[in-house]
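Undergrad: Dropping the sequence and predicted coords here.
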Amino acid sequence: MTVINAIFESMKELVQSQRDYFLKGHTKPLKARKETLRKLYRLLLDNEQMLADAIYKDFKKSFMLTIENELSLPYGEINHMLRKLKRWTAPKYAKTNLVNFLAASRTIQIPMGVTLVIGPWNYPYMLALVPAISALAAGNTVILKPSEVTANSSAALASLINENFPKELFYVQEGGIEETTELLEQKFDKIFFTGSTEVGKIVMRAAAEHLTPVTLELGGKNPVIIMPGCNLKLAAKRLTWGKFHNNGMACVSPDQVYVHESIRELLLEEIRKNIPKIFGEDPRQSPALPRMVSEKHFKRIMSMIDPEKVVVGGESDPDELYIAPTVMDGVQPGDAVMKEEIFGPLMALISYRDLDQLVETLKVQPSPLMLYLFTGNVRKAKRLTREIPSGGAMINDVILQFVNMDTPFGGVGESGMGSYHGKAGFDAFSQQKTVIRKFNVFELFMKYPPYYTLYLPFYRTVLGKSIRNLFR
Ligand code: NAD
């Protein structure tokens, strides 16, 4: 047997074992789901140091940062699920229309079955665990494939999960393109992918073979518009923190920053002040700034930096894969930094004069994951959030929309499809099944032929709900 065949066979066995387990109903009881979630919570809590040590080896992410942005969200999701699961799994009763008289209608939430979660490297724990938690809460089995780029974190997650959960319920399958390709050959009941738009297309093509539903959490260039009349000091502070959070390696990171020309100088001055305030005089020593994850990504960011346009930062060290928080001013549409998602510690400042013109440009760009607007005119900002396509939007702050568990998070168009977090995550891994129970006491004679013209008003009004709506 060739190596590829062997991988395929082992994936097939793994998926089959999870399918058997699911079909036996082990994952469905509410009690079992809650036990799984509680166990995962305790495991993460008890192994924080081990997880932090592994991620530090990958890209020098500090212990505090690991807890703050890798583990706090999984903890939060588990707590949220434990509190709400009973309500979410309860049947939802609905009105029944006259044609179905006399009946009771309800929708029930059915787990989908065997699910596959594929994670990226930039938050190797959080972006793997949060969808997996949703899937487990919804009563599914999970095969989790973390990114091979953060190999130490991937191995840490695999040892933690695989040593403590039955393989048939929750299993971490490590590997790169080869293993993922073999996994994608299998029939899953749901695939949840977080990563690049290019690989998202590969995943969706593979899923189409089995008509497997997908949620795709992809990337994009998130625009920020800074308008005159905003609280500029606070805007600069929030933008600086958000742009360089996780060293800019976040899907929700501000990408191009459009600032009105009348406040450009002031904004720059504030950003200059804020970088040392937030990350210290020597940002290289800051525990809040991990390193670039690989030489490839280091070189990618370096190739976007135009030294002539650098106004803050620009220092780098290839031996340490370090790039200082860097700001480029006077960026033009044709510049390298405008051609792809930045995904690193580089801020591109672009001045604009005419907001309407800028909005027209943004309307026809590939849809980003997020849109950020800083303004004193909230009514105008709300209008813009409807006009400019994006997965989500924030007014007067950046990034933190991601951590609100009571609102769905997801992209649109090139930045993805479907959403998750909290209830949206539970829904992403559940089938909404409508069940109508008919009572045997009444039978609508008009449904049977012959169809007399006398019935027409009935079909037009009662069956089509009410004609009155047309004239409202
Ligand atoms: P990636 O697409 O390169 O990799 C993601 C996953 O896909 C990894 O597990 C990898 O092993 C697998 N993969 C890679 N190539 C594959 C192939 N040819 N066939 C099958 N599987 C393959 O993405 P990345 O570099 O890990 O992450 C960065 C991207 O992810 C950025 O574009 C970022 O915006 C996006 N992202 C999106 C979100 C979100 O929530 N929307 C969150 C984080 C990152």
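TA: Done, it's in. Numbering: from 1, shown residues only.
Undergrad: ok, residues contacting stretch 347-361?
TA: Applying Cβ atoms under 8 Å, 6 or more residues apart in numbering, the contact partners of stretch 347-361 are 225, 227, 239, 243-244, 248, 254-261, 264, 267-268, 271, 311, 325-332, 335, 337-338, 342, 384, 387-388. Bear in mind the C-beta positions are built from the backbone N, C-alpha and C, glycine included.
Undergrad: Let's see which of these end up in strands.
TA: Of those, the ones assigned to strands by DSSP state E are 225, 254-260, 311, 326-328.
Undergrad: Quick check: the two most widely separated of those?
TA: Farthest pair in the ones in strands among the contacts of stretch 347-361 (Cβ to Cβ) is 260 and 326. Separation: 22.3 Å.
Undergrad: Could you tell me which residues make contact with residue 381?
TA: Each residue near residue 381 by Cβ under 8 Å, 6+ apart is listed here: 373, 375, 395-396.
Undergrad: Please report phi then psi for the closest residue to residue 27 other than its chain neighbours.
TA: What sits nearest to residue 27 in space, not counting adjacent residues and going by Cβ to Cβ, 6 or more residues apart in numbering, is residue 139, at 4.9 Å. Torsion angles at residue 139 (phi, psi; degrees, to the nearest 10) stand at phi 90, psi 20.
Undergrad: can you pull the contacts of residue 139?
TA: 27-28, 33, 89, 111, 430.
Undergrad: Just the buried subset of the contacts of stretch 347-361, please.
TA: Buried members of the contacts of stretch 347-361, scored by 16 or more other Cβ atoms under 10 Å, are 225, 227, 239, 243-244, 248, 254-260, 264, 267-268, 271, 325-329, 331, 337-338, 342, 384, 388.
Undergrad: what's the offset of the strand or helix carrying residue 75 from the middle of its chain?
TA: If you go by DSSP states H and E, residue 75 is part of helix 72-89. Centroid separation between helix 72-89 and its chain, computed with Cα atoms, centre = their mean, to the nearest Å, is 17 Å.
Undergrad: for stretch 101-109, same thing?
TA: Chain-centre distance of stretch 101-109: 33 Å, with Cα atoms, centre = their mean.
Undergrad: Might one say that residue 255 is in contact with residue 225?
TA: No: if you go by Cβ atoms under 8 Å, residue 255 and residue 225 don't touch, sitting 12.0 Å apart.
Undergrad: one step back: let me have the contacts of residue 381 in CSV, extended by neighbour count, pLDDT and secondary structure.
TA: Below are the contacts of residue 381 laid out as CSV (neighbours: other Cβ atoms under 10 Å; pLDDT from 0 to 100; DSSP: H, G, I helix; E, B strand; the rest coil):
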residue, neighbour count, pLDDT, secondary structure
373, 25, 98, strand
375, 22, 98, coil
395, 18, 98, strand
396, 16, 98, coil
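Undergrad: I'd like those laid out as a markdown table, including distance to the ligand.
TA: Below are the contacts of residue 381 laid out as a markdown table (distance: Cβ to the nearest ligand atom, whole Å):
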| residue | distance to the ligand |
| --- | --- |
| 373 | 20 |
| 375 | 25 |
| 395 | 20 |
| 396 | 22 |
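Undergrad: thinking again about what came up before, how close does the residue nearest to residue 27 get to residue 108?
TA: 12 Å (Cβ to Cβ, to the nearest Å).
Undergrad: Over to residue 6?
TA: 41 Å.
Undergrad: So those two - more neighbours on which side?
TA: Each of residue 6 and residue 108 has its neighbours counted (other Cβ atoms under 10 Å); residue 108 has more, 14 against 11.
Undergrad: quick one: that one from residue 437, how far?
TA: Distance, residue 108 to residue 437, using Cβ to Cβ: 12 Å.
Undergrad: again with residue 256
TA: 55 Å.
Undergrad: And residue 115, by the same measure?
TA: Distance from residue 115 to residue 437, by Cβ to Cβ: 30 Å.
Undergrad: the more surrounded of those two?
TA: For residue 115 versus residue 437, neighbours defined as other Cβ under 10 Å are more numerous around residue 115 (28 against 11).
Undergrad: my read: the more buried one touches residue 145, true?
TA: No: in this structure residue 115 lies outside contact range of residue 145 using Cβ under 8 Å: 11.3 Å.
Undergrad: residues near residue 119, how many?
TA: The burial count for residue 119: 29, using other Cβ under 10 Å.
Undergrad: what does residue 144 give?
TA: Residue 144 has 25 nearby residues by other Cβ under 10 Å.
Undergrad: near the ligand, which residues of this structure show up?
TA: Proximity of the chain to the ligand is confined to 118-122, 127, 145, 147-149, 176-177, 180-181, 194-196, 199, 202, 217-219, 251, 341, 343, 369, 411, 416 under the rule Cβ under 6 Å from any ligand atom.
Undergrad: cutoff 5 Å now
TA: Residues of the chain lying close to the ligand by Cβ under 5 Å from any ligand atom are 118, 120-121, 147, 177, 180, 194-196, 199, 202, 217, 219, 251.
Undergrad: among those, which are in helices?
TA: Of the residues of the chain next to the ligand, the ones assigned to helices by DSSP state H are 177, 180, 199, 202.
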